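1. please work out how this folds:
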Amino acid sequence: MVKSLPERYPLFDKLGKSFCGDAGFGKTEVAIRSAFRAVMDGKQVAVLVPTTVLAEQHYLTFSQRMADYPVTVEMLSRFRSPAQQKAAIERLQSGEVDIVISCLNKNVILFGADEFAAFGPRKIFMNVSIAPSHEIAALQDWLGLPGMLKTFGRDKGFDIPTRTDYVSALKPLLDAVGTNPNVTVVLFTLDESAYARELAPLAGVYPALRLGPPWWFHDSPEGMRRFRELTTETAGFYNTVGFNDDTRALLSIPARHDVWRREVARFLGTFVAEHRLSASSAAEIARQLAYDAAKLAYRLD
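-> Next up is the predicted model:
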């Protein structure tokens, strides 16, 4: 795939390329090697990511991998001061920067039309964050940057998830296996609005369906809190699968699981304080959500 990229450059401005794969399958490695070959061919590369944390991770990874070569890597995110961002954009426009890792969080829109124009005909954009194949169909135009779809086409990083009709979409699958005791369907989503309206009721009635944990944009204290508040009333605790992580940053995995455990403890502690659960029941459920549920759902015993 990487060896064939130079021959594909003429198509980049007209055709979107989508490379899908699960965590650990090498998407970032392909992006690094592709970016390197592009720079060696005299092009500038923008790697577009949805979060500041991911921007930082990719900046460190790209910088380390390019350290022995005449390649300049820069980052644009809210981790940089306005003065640093301005200086980086000026260096980008002057051609001093070969690869820029840019956060396209809707609250941190760092590329305007002028900055995109700085790349001119030499531009190559790649998005190394929109990866899971089952989410690609749910991603639509990036709403914060008007004209990007028209200018660059689909799958260039200017995407956000839209509302999905899970009841209709899942009906054929659940009709076939929803009550099968030997099948487990774990459902992940970026559409939080569907939790209480569709997903929790479905998980509450179909034995085969389990709700996957909040992930991607939502594996944060606030996202985890919203997940429990929106799903518990109708799906309960035992129709969810606890927490699992798909990050490529090994050191962040224990931290994310610790955040999950703390949020579960906070949620259950509120139930105990309100006399909705006994302390012993809360302790049992806490272990279930922190450890047992994931092992059961993914059949790790």
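
2. ok so residue 48 is a strand residue?
-> Yes: assessed with DSSP: H, G, I helix; E, B strand; the rest coil, residue 48 lies in a strand.

3. which strand residues bridge it?
-> residue 102, residue 127 (DSSP bridges).

4. next: residue 240.
-> residue 211.

5. verify the contact between it and residue 289 for me.
-> Yes: Residue 240 lies in contact with residue 289 (CB atoms under 8 Å); the separation is 7.2 Å. For every residue, glycine as well, the C-beta is placed using N, CA and C.

6. quick one: end-to-end distance for stretch 202-222.
-> For stretch 202-222, the first and last residues are 24 Å from each other (CA to CA, to the nearest Å).

7. what about that stretch, average pLDDT?
-> Mean pLDDT, stretch 202-222: 88.

8. number of residues surrounding residue 225?
-> 15 (other CB atoms under 10 Å).

9. change the start of the numbering to 13 and stick with it
-> In the new numbering, first residue 13, that becomes residue 237.

10. now do the SS call for it.
-> Residue 237 is classified as helix under three-state DSSP.

11. any figure for the gap between it and residue 256?
-> 18 Å (CB to CB, to the nearest Å).

12. what of residue 208?
-> 22 Å.

13. residue 311 too?
-> 13 Å.

14. same deal with residue 105?
-> From residue 105 to residue 256 the distance is 42 Å (CB to CB).

15. buried ones in stretch 100-110?
-> Neighbour counts using 16 or more other CB atoms under 10 Å place 100-101, 104-105, 109-110 of stretch 100-110 among the buried residues.

16. again with stretch 205-213
-> Under 16+ other CB under 10 Å, the buried positions of stretch 205-213 are 206-208, 210-213.

17. next one: stretch 264-279
-> 268-269, 271-273, 275-276, 279.

18. in helices, which of the buried residues of stretch 100-110 fall?
-> Among the buried residues of stretch 100-110, the members falling in helices (DSSP state H) are 100-101, 104-105.

19. with distance to residue 290 added, can I get these in a markdown table?
-> Output for these, formatted as a markdown table (distance: CB to CB, whole Å):
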| residue | distance to residue 290 |
| --- | --- |
| 100 | 56 |
| 101 | 58 |
| 104 | 59 |
| 105 | 63 |
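
20. circling back: which one of the buried residues of stretch 100-110 sits closest to residue 41?
-> Of all these, residue 41 sits closest to residue 110, with 18.3 Å by CB to CB.

21. I'd say the closest one and residue 81 touch.
-> No: if you go by CB under 8 Å, residue 110 and residue 81 don't touch, sitting 9.5 Å apart.

22. can you give me the distance of the residue lying closest to residue 83 once chain neighbours are set aside to residue 80?
-> Leaving aside its chain neighbours, residue 83 sits nearest to residue 110 (4.9 Å; criterion: CB to CB, 6 or more residues apart in numbering). Residue 110 sits 14 Å away from residue 80, going by CB to CB.

23. where do the helices sit along the stretch 213-313 of the chain?
-> Along the stretch 213-313 of the chain, the segments classed as helices by DSSP state H, counting those that start in this stretch run 233-247, 264-285, 291-299, 305-309.

24. mind putting these into CSV with distance to residue 40?
-> Putting the helices of the stretch 213-313 of the chain into CSV (distance: least, CB to CB, whole Å) gives the following:
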stretch, distance to residue 40
helix 233-247, 23
helix 264-285, 15
helix 291-299, 34
helix 305-309, 25
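
25. for those helices, which one sits closest to residue 51?
-> Of all the helices of the stretch 213-313 of the chain, helix 264-285 comes closest under CB to CB, at 28.1 Å.

26. between helix 291-299 and that closest one, find me the angle.
-> On the basis of axes from the mean of the first three to the mean of the last three CA atoms, to 10 degrees, helix 264-285 is oriented at 160 degrees to helix 291-299.

27. identify the residues contacting helix 264-285?
-> The contact list for helix 264-285 (CB atoms under 8 Å, 6 or more residues apart in numbering) reads 65, 225, 231-233, 236-237, 240-241, 244, 254-255, 257, 259, 289-291, 294, 297-298, 301-302.

28. now the buried members of these.
-> Of the contacts of helix 264-285, these count as buried by 16+ other CB under 10 Å: 65, 225, 231, 236, 240, 244, 254-255, 257, 259, 289, 294, 297-298, 301-302.

29. residue 48 is nearest to which of the helices of the stretch 213-313 of the chain?
-> The closest of the helices of the stretch 213-313 of the chain to residue 48 is helix 264-285. By CB to CB, the value is 25.3 Å.

30. that closest one vs helix 233-247, what angle?
-> Going by the same axes, to 10 degrees, helix 264-285 makes 50 degrees with helix 233-247.
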